[in-house]
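Enquirer: Provided below are the primary sequence and the corresponding predicted coordinates.
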Amino acid sequence: MKLTAFNAIHKSLGAKMVPFAGYEMPIQYEGIIAEHEKVRNQAGLFDVSHMGEFWVTGKQALEFVDYATTNNVASMEKGQVQYSTMCLENGGIVDDLLIYRFADRFLLVVNASNLEKDWNHLSDLVQKFQDVQLTNGSDGIALLALQGPESKNILSKLSSANIDSLEFYHFGIGDVNGLPMIISRTGYTGELGYELYHDPEESEQLWAALMEAGEEYGLAPIGLGARDTLRMEMKFCLYGNDIDETTTPLEARLGWAVDLEHNDFLGRDALLKQKAAGLSRFLVAFEMLDRGLPRHGYEIFAGDEKVGVVTSGGQSPTLKKGIGLAYIDIPHQKVDTALTIDSRGRRLAIKVIKPPFINKKTSCFYGS
């Protein structure tokens, strides 16, 4: 297994370590519920250095990224971040990702579990272009996510950059504790937050500075367990659970990240055909009406008819009830539809709801 630059810190803090996407990562420190509540109410610090980063340069960089992804890259301003997906020719999702537009290049941030697959996919596509260079910068970049309502107060103590002026889904080059890095107004929790792309050799220094500055605001280290419950309360997709190569962005209700009117991206024809023919299922949010916890793979029924399957599920620490995401056949996907879930042979009542499960003014949309 690979180790992030923060591995020794996690172990010194007594974190429970697990294998994840080829890395040894912390799943929890104090406990998932306590860490979840820290992020919702104060602030949490996540090691997400397992994410992959690819640089795209060259005269045709824009054309290449526009072809490889489903959103309208040409509409991006310099310093802007865009959520998007990459599709196969049949419309299936290769991955969801973030795109960063610099003055002379692009940075693609992909999911850790798909890093090798994404690299091979993009390496094949780049052959269609004469002047594009694709570089895997993953090993030279470490990534911390500072998330929670107090995150701006903490970061402002350490940076000379104007943190107040950094808009949602934008980024800049700035310093934190004197260290140069990319400061991005993004995250995976639904809370106010920032992601800090930096040199792995400076990771321990950055962690220590953030934890010291955040002490008065209740900053705590957060593991992958709480990261999952936080994203699920916002109905953020997790690749491998809620989206994969057998699902399309339209089915996953990611149509806002698909611009069918712009350049001919890979998979566009298939998505246009699917839209014209009409979809047969959608990814929906649901809550448990009976006591019990939904789990990935549980079947969903309307009477005796199987109409769906759970993709993500568990206990919401905020709502203190079971919640989940599921693909449900039309017309049973409508809000307030009452259905049942098969939980180990028991039929439990659920209800389709309008997402997200909790209302937040600041939301982000990506990745595992």
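Expert: All right, it came through fine. Everything quoted here is computed from the prediction, not taken from an experiment.

Enquirer: strands along the stretch 201-350 of the chain, start to end?
Expert: Assigned by DSSP state E, counting those that start in this stretch, the strands in the stretch 201-350 of the chain fall at 220-222, 281-288, 299-302, 305-316, 321-329, 338-343, 346-353.

Enquirer: for E202, find the nearest of these.
Expert: E202 lies closest, by CB to CB, to one member of the strands of the stretch 201-350 of the chain: strand 220-222, at 17.8 Å. No exception for glycine: its C-beta is placed from N, CA and C like everyone else's.

Enquirer: could you redo the strands of the stretch 201-350 of the chain as JSON lines and give each row mean pLDDT and mean neighbour count?
Expert: Below are these laid out as JSON lines (pLDDT from 0 to 100; neighbours: other CB atoms under 10 Å):
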{"stretch": "strand 220-222", "mean pLDDT": "98", "mean neighbour count": "24"}
{"stretch": "strand 281-288", "mean pLDDT": "98", "mean neighbour count": "22"}
{"stretch": "strand 299-302", "mean pLDDT": "98", "mean neighbour count": "18"}
{"stretch": "strand 305-316", "mean pLDDT": "98", "mean neighbour count": "20"}
{"stretch": "strand 321-329", "mean pLDDT": "98", "mean neighbour count": "23"}
{"stretch": "strand 338-343", "mean pLDDT": "97", "mean neighbour count": "20"}
{"stretch": "strand 346-353", "mean pLDDT": "98", "mean neighbour count": "17"}
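
Enquirer: among these, which comes closest to N90?
Expert: By CB to CB (comparing all of the strands of the stretch 201-350 of the chain), the closest turns out to be strand 281-288, at 16.0 Å.

Enquirer: paired strands for that closest one, with orientation please.
Expert: Strand 281-288 sits in its sheet next to strand 321-329 (antiparallel), strand 346-353 (antiparallel), going by DSSP bridges.

Enquirer: put the alpha carbons of the longest one into CSV.
Expert: Extracted C-alpha coordinates of strand 321-329, given in CSV (Å, rounded to 0.1, in the frame of the first residue of the first chain):
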residue,chain,number,x,y,z
LYS,A,321,-32.4,8.2,10.9
GLY,A,322,-31.5,5.9,8.1
ILE,A,323,-31.0,7.5,4.7
GLY,A,324,-29.9,6.3,1.3
LEU,A,325,-29.5,6.8,-2.4
ALA,A,326,-31.0,4.4,-5.0
TYR,A,327,-31.7,3.9,-8.6
ILE,A,328,-35.5,3.6,-8.9
ASP,A,329,-37.5,2.9,-12.0
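
Enquirer: now the angle from it to strand 338-343?
Expert: Counting by axes from the mean of the first three to the mean of the last three CA atoms, to 10 degrees, strand 321-329 lies at 100 degrees to strand 338-343.

Enquirer: for the shortest one, same thing?
Expert: What separates the directions of strand 346-353 and strand 338-343 is an angle of 140 degrees, with the same axes, to 10 degrees.

Enquirer: now the strands paired with strand 281-288 in CSV, with distance to N136?
Expert: Formatted as CSV, those follow (distance: least, CB to CB, whole Å):
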stretch, distance to N136
strand 321-329, 31
strand 346-353, 40
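
Enquirer: of all these, which lies closest to T337?
Expert: Once those are compared by CB to CB, strand 346-353 is nearest, at 4.5 Å.

Enquirer: re earlier: out of the strands paired with strand 281-288, which gets nearest to G193?
Expert: Using CB to CB, these put strand 321-329 closest to G193, at 21.3 Å.

Enquirer: got the contact list for that closest one?
Expert: Applying CB atoms under 8 Å, 6 or more residues apart in numbering, the contact partners of strand 321-329 are 232-233, 235, 237, 241-242, 247, 251, 280-288, 291-294, 300, 307-316, 339, 350, 352, 357.

Enquirer: before we move on, back to that, distance to Q147 for the strands of the stretch 201-350 of the chain - can I get that in JSON lines?
Expert: What follows is these, written out as JSON lines (distance: least, CB to CB, whole Å):
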{"stretch": "strand 220-222", "distance to Q147": "8"}
{"stretch": "strand 281-288", "distance to Q147": "21"}
{"stretch": "strand 299-302", "distance to Q147": "31"}
{"stretch": "strand 305-316", "distance to Q147": "17"}
{"stretch": "strand 321-329", "distance to Q147": "20"}
{"stretch": "strand 338-343", "distance to Q147": "30"}
{"stretch": "strand 346-353", "distance to Q147": "24"}
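
Enquirer: of all those strands, which lies closest to Q130?
Expert: That would be strand 281-288 among the strands of the stretch 201-350 of the chain, by CB to CB, at 38.3 Å.

Enquirer: and that closest one, how far out from the chain's middle?
Expert: Chain-centre distance of strand 281-288: 18 Å, with CA atoms, centre = their mean, to the nearest Å.

Enquirer: distance of Q127 from E233?
Expert: 41 Å (CB to CB, to the nearest Å).

Enquirer: which other residues reach whichever strand or helix holds E195?
Expert: Using DSSP states H and E, E195 maps to strand 193-198. For strand 193-198, contacts defined as CB under 8 Å, 6+ apart pick out 48, 53, 141-148, 151-152, 155, 163, 166, 176, 179-187, 206, 362, 364.
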